[in-house]
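[1] generate a structure from the sequence data that follows.
(4 chains)
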2 protein chains.
Amino acid sequence: MEEFLTQMRIQVNKRVFLKDPDTSEKGRKIISNSILLIDEIGFENFTFKKLGMKIGSPESTIYRYFENKHKILLYLTIWYWSWLEYRLVFSTININSPEEKLNTAIKLLVEPIKEDSDFSHINEVVLNRIVISESAKSYFTKDVGEDNKDGVFKVYKRLVQRVSDMVLAINPDFEYPNMLISTVVEGAHQQRHFAKYLPSLTNVRKGKKDITNFFIQMVFNTIQKK
Amino acid sequence: MEEFLTQMRIQVNKRVFLKDPDTSEKGRKIISNSILLIDEIGFENFTFKKLGMKIGSPESTIYRYFENKHKILLYLTIWYWSWLEYRLVFSTININSPEEKLNTAIKLLVEPIKEDSDFSHINEVVLNRIVISESAKSYFTKDVGEDNKDGVFKVYKRLVQRVSDMVLAINPDFEYPNMLISTVVEGAHQQRHFAKYLPSLTNVRKGKKDITNFFIQMVFNTIQKK
DNA sequence: CATTTTGCGATAGTGATGCTATTATATTTG
DNA sequence: CAAATATAATAGCATCACTATCGCAAAATG
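    Now for the predicted structure:
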């Protein structure tokens, strides 16, 4: 990872926290440990009490940073999408071929993170696992509407829009670019989850990049001109 | 709806209940009202106490039927998939053209239910809404593995397999039929949810069957031979 | 027809969860 | 050094997720 990236900071929408966890040691500990704890026990079983025990603080300290655990999940997913958007822009910027550009983007969206960038206190490999298995819970709630008003899905939408624009660059007549890309992003998460627990819903073979290949084939076949 | 269908009963995997809710009036009330209550307040806020109040019974009565609320969600989704599988088999049985067959199947999988069949105490329109917004929670848990061992996803897998076979009937060389169909099923739910709350992730226009059209186009384009 | 069985209601209780509040003690900053 | 701020420690409360017990009435059984 480039040196200067280790200095970069990701700004997360202020409406998800009471006090920015990135401004204090405790706050960063809350974030890094909530990632580990959610990965370990799942979001349903994750509580402020358990997190407090992990970081050696009472629950009340965590309540000063976040209203509730749902906001922590939002914080983590926003951070993740911001980080991904950054990498997306960076890794596609100098590609001239529209097909090559889209191809690179899809890979970035669907392939799992395999190594920590050490670019912050956040472990991206574990965070990626959380996004795969928990992020759908951030929008399948009765509060989506309000969360959306607070702008928490802004980065995600922009990311989808960026890749949708790449689709349109190849075929300006394609009617459903956003639908296609959001299906790819969420579908890839689901397929990774299924591959692990319900493999008969997939066609994933060990050691092969079936999920990546499938989604790339799906995208390019779907958007082709008739 | 055909007369004889009103007599049909859907058998749900015994491992999800302690006592079959379909064998008593109270049990059926528990099911029909849990559908209404989950739709109303969301699965997160759904509790046995609230359900008890709705049916005029203490919580303890509900605990005689179900171990916990997660099992009720499993019961509802299994019922839904069984019902859908039945309708799928029925509505595709006499179609000779493989393309027409697959086309009919996809429509059945992605289109929302618009009228109650009156075929039981279960309101399928509302149940369909629940499946759209809550069913992912039945497998995005730390217990998927065990639930899977109990066979609770069997019907769902069989349904996906049936449609995958239709794909293979059109193109036997297509490598990812199960992945494609499970992506369609789950993707359709997500797109309906997004259309309602995060429309910029979709390209849904009022009064148009964009979701159906998109998925049909996606499937047929993806599986075509080169 | 007597008698088990069952289904349900009523009530109580336990420990965990999801918070809020208070006060005391550090730590930082001006 | 004083003032402001952050955290720890503790308590408390309503709800939740469940378990246990008891008694009654209806239904099944012999």
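
[2] how about the residues of chain A by DNA strand D?
    A:19, A:24, A:25, A:26, A:27, A:56, A:57, A:58, A:59, A:60, A:61, A:64 (CB under 7 Å from any atom of the strand). (Glycine included, C-beta is placed from N, CA and C.)

[3] surely the fifth one touches residue A:19?
    Yes. With contact taken as CB atoms under 8 Å, residue A:27 and residue A:19 are classed as touching, separated by 7.0 Å.

[4] which neighbours do these two have in common?
    residue A:65 (CB atoms under 8 Å, 6 or more residues apart in numbering or on different chains).

[5] these two: which is more packed in?
    Using other CB atoms under 10 Å in any protein chain shown, the more surrounded residue of residue A:27 and residue A:19 is residue A:27, with 20 against 12.

[6] what residues are up against the closest residue in space to that one that isn't next to it in sequence?
    Computed as CB to CB, 6 or more residues apart in numbering or on different chains, the closest residue to residue A:27 that is not its neighbour in sequence is residue A:21, at 3.1 Å. Counting by CB under 8 Å, 6+ apart, residue A:21 makes contact with A:27, A:28, A:30, A:31, A:65, A:66, A:75.

[7] taking those residues together, which two end up most distant?
    Using CB to CB, the contacts of residue A:21 span at most 13.4 Å, a distance reached by A:28 and A:66.

[8] which of these two has more residues huddled nearby?
    More crowded of residue A:28 and residue A:66, by other CB under 10 Å: residue A:66, with 24 against 15.

[9] that one sits in which helix or strand?
    Element membership of residue A:66, judged by DSSP states H and E, is empty: it is in no helix or strand.

[10] contacts only, for it.
    Residues near residue A:66 by CB under 8 Å, 6+ apart: A:16, A:17, A:18, A:21, A:30, A:72, A:75.

[11] so which residues make contact with the host helix or strand of residue A:219?
    Here residue A:219, judged by DSSP H and E, is contained in helix A:210-223. Residues from elsewhere that reach helix A:210-223 (CB under 8 Å, 6+ apart): A:99, A:102-103, A:106-107, A:110-111, A:167, A:170-171, A:174, A:177, A:180, A:184, A:187-188, A:191-192, A:195, A:202-204, B:175-176, B:179-180, B:183, B:217-218, B:221-222, B:224.

[12] show only the entries of the residues you listed found in helices.
    Taking DSSP state H as the definition of helices, the contacts of helix A:210-223 contribute A:99, A:102-103, A:106-107, A:110, A:167, A:170, A:177, A:180, A:184, A:187-188, A:191-192, A:195, B:179-180, B:183, B:217-218, B:221-222.

[13] which among those residues count as buried?
    Buried members of the ones in helices among the contacts of helix A:210-223, scored by 16 or more other CB atoms under 10 Å in any protein chain shown, are A:102-103, A:106, A:110, A:167, A:170, A:177, A:180, A:184, A:187-188, A:191-192, A:195, B:179-180, B:183, B:217-218, B:221-222.

[14] quick revisit: may I see the buried residues of the helix holding residue A:219?
    Buried residues in helix A:210-223, counting neighbours by 16+ other CB under 10 Å, are found at A:210-212, A:214-223.

[15] how about the CA coordinates for it, as PDB?
    What follows is helix A:210-223, C-alpha atoms only, in PDB (Å, rounded to 0.1, in the frame of the first residue of the first chain):
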ATOM      1  CA  ASP A 210     -16.600 -18.600  -9.800                       C
ATOM      2  CA  ILE A 211     -18.300 -15.700  -8.200                       C
ATOM      3  CA  THR A 212     -16.200 -13.100  -9.900                       C
ATOM      4  CA  ASN A 213     -16.500 -14.900 -13.300                       C
ATOM      5  CA  PHE A 214     -20.200 -15.300 -12.900                       C
ATOM      6  CA  PHE A 215     -20.900 -11.600 -12.200                       C
ATOM      7  CA  ILE A 216     -18.600 -10.400 -14.900                       C
ATOM      8  CA  GLN A 217     -20.300 -12.600 -17.400                       C
ATOM      9  CA  MET A 218     -23.600 -11.600 -16.100                       C
ATOM     10  CA  VAL A 219     -22.900  -7.900 -16.400                       C
ATOM     11  CA  PHE A 220     -21.400  -7.900 -19.900                       C
ATOM     12  CA  ASN A 221     -24.000 -10.200 -21.300                       C
ATOM     13  CA  THR A 222     -26.800  -8.300 -19.800                       C
ATOM     14  CA  ILE A 223     -25.800  -4.900 -21.100                       C
END
